[in-house]
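>>> Okay, structure incoming, though there's no sequence with it:
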């Protein structure tokens with residue numbers, strides 16, 4: 001299912017600021033060499049993450065799902081001088097690539113990569129968060145959300161990726177475990193009266209969530 005207008009997407013790419021050199025390298029390398037390159041945040045989405053992080057100027061950022069490090073580096077641009085970004089990746093090879101990319105960044109000392117199960121790692125970090133980005137296994141979204149919501153600081157923001165899941169959640173008969181999981185997550189959030197939320201139809205859908 002086509003969920004975005006290709007001409008509008010190209011126009012957005014043209015009008016949006018260009019990636020810096022490192023982000024461009026990561027985007028190109030991932031696209032050319034990774035079997036699951038579609039999981040990489042797109043250029044416009046990445047710039048939106050940077051934009052929001054810069055506005056919030058967060059001290060602590062949590063990312064669930066590192067992949068090759070592109071989105072973490074986009075988010076890191078908004079960190080306070082002494083801020084930290086903690087990102088969690090379950091796949092060792094992706095984590096290795098991400099760490100190599102982090103080592104090339106000016107934010108390398110502010111980036112902390114954890115390998116393993118996010119549900120086990122998050123409680124060990126003993127932090128509260130100003131900005132949280134969830135972009136991991138879709139079947140875990142509800143558990144991630146319920147775990148991190150109490151850890152979200154006042155005026156903090158949760159951003160959740162793939163909310164439209166390639167348009168599959170828009171179909172009358174939703175099939176596939178990931179699409180079903182996202183649909184269940186969306187219904188879960190819709191019923192949560194403790195938060196304000198807005199869905200942006202950027203790329204594969206970004207959901208912004210903030211405590212009331």
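Perfect, I can see it now. Note that the coordinates shown come from a computational prediction; the quantities given were computed from them, not determined experimentally.

>>> Now do the SS call for residue 113.
strand (DSSP: H, G, I helix; E, B strand; the rest coil).

>>> Repeat that for residue 106.
Per three-state DSSP, residue 106 ends up coil.

>>> same check, this time on the one 3 residues further on
Classification of residue 109 into helix, strand or coil gives helix, according to three-state DSSP.

>>> Counting neighbours, what do you get for it?
Taking other CB atoms under 10 Å as the criterion, the count of residues near residue 109 is 9. Just so you know, the C-beta spots here come from the backbone N, C-alpha and C atoms, and that holds for glycine as well.

>>> And residue 83, by the same measure?
Residues near residue 83, counting by other CB under 10 Å, number 18.

>>> need the next SSE after the helix or strand of the chain with the lowest mean pLDDT, C-terminal direction.
When each helix and strand of the chain is scored by mean pLDDT, DSSP states H and E, helix 21-33 comes last, with a mean of 90. Per DSSP states H and E, the first helix or strand lying C-terminal to helix 21-33 is helix 43-56.

>>> What residues sit buried inside that following helix?
Within helix 43-56, the residues that count as buried by 16 or more other CB atoms under 10 Å are 43-50, 52-53, 56.

>>> CSV for those residues, including distance to residue 157?
Formatted as CSV, the buried residues of helix 43-56 follow (distance: CB to CB, whole Å):
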residue, distance to residue 157
43, 21
44, 18
45, 15
46, 16
47, 16
48, 12
49, 11
50, 14
52, 7
53, 9
56, 6
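
>>> on that earlier part again, and the least confident helix or strand of the chain, what does it pack onto?
The contact analysis (3 or more CB pairs under 8 Å, 6 or more residues apart in numbering; DSSP states H and E) places helix 21-33 against helix 70-76.

>>> Quick one: residues in contact with the helix it packs on.
22-23, 26-27, 30, 40-41, 46-47, 49-50, 53, 61, 63, 66, 85, 87, 98, 101-102, 105, 107, 110-111, 131, 133, 135 (CB atoms under 8 Å, 6 or more residues apart in numbering).

>>> repeat for stretch 25-38
By CB under 8 Å, 6+ apart, stretch 25-38 touches 19, 40, 43, 67-70, 73, 101.

>>> out of these, which one sits closest to residue 155?
Using CB to CB, residue 73 comes nearest to residue 155 of the contacts of stretch 25-38, at 23.7 Å.

>>> From residue 14, how far out is the closest one?
According to CB to CB, to the nearest Å, residue 73 stands 22 Å off from residue 14.

>>> between those two, who's got more neighbours?
Using other CB under 10 Å, the more surrounded residue of residue 73 and residue 14 is residue 73, with 28 against 7.

>>> how far does the helix or strand hosting residue 93 sit from the chain's center?
Following DSSP H and E, one finds residue 93 within helix 92-103. Centre-to-centre, helix 92-103 and its host chain are 16 Å apart (CA atoms, centre = their mean, to the nearest Å).
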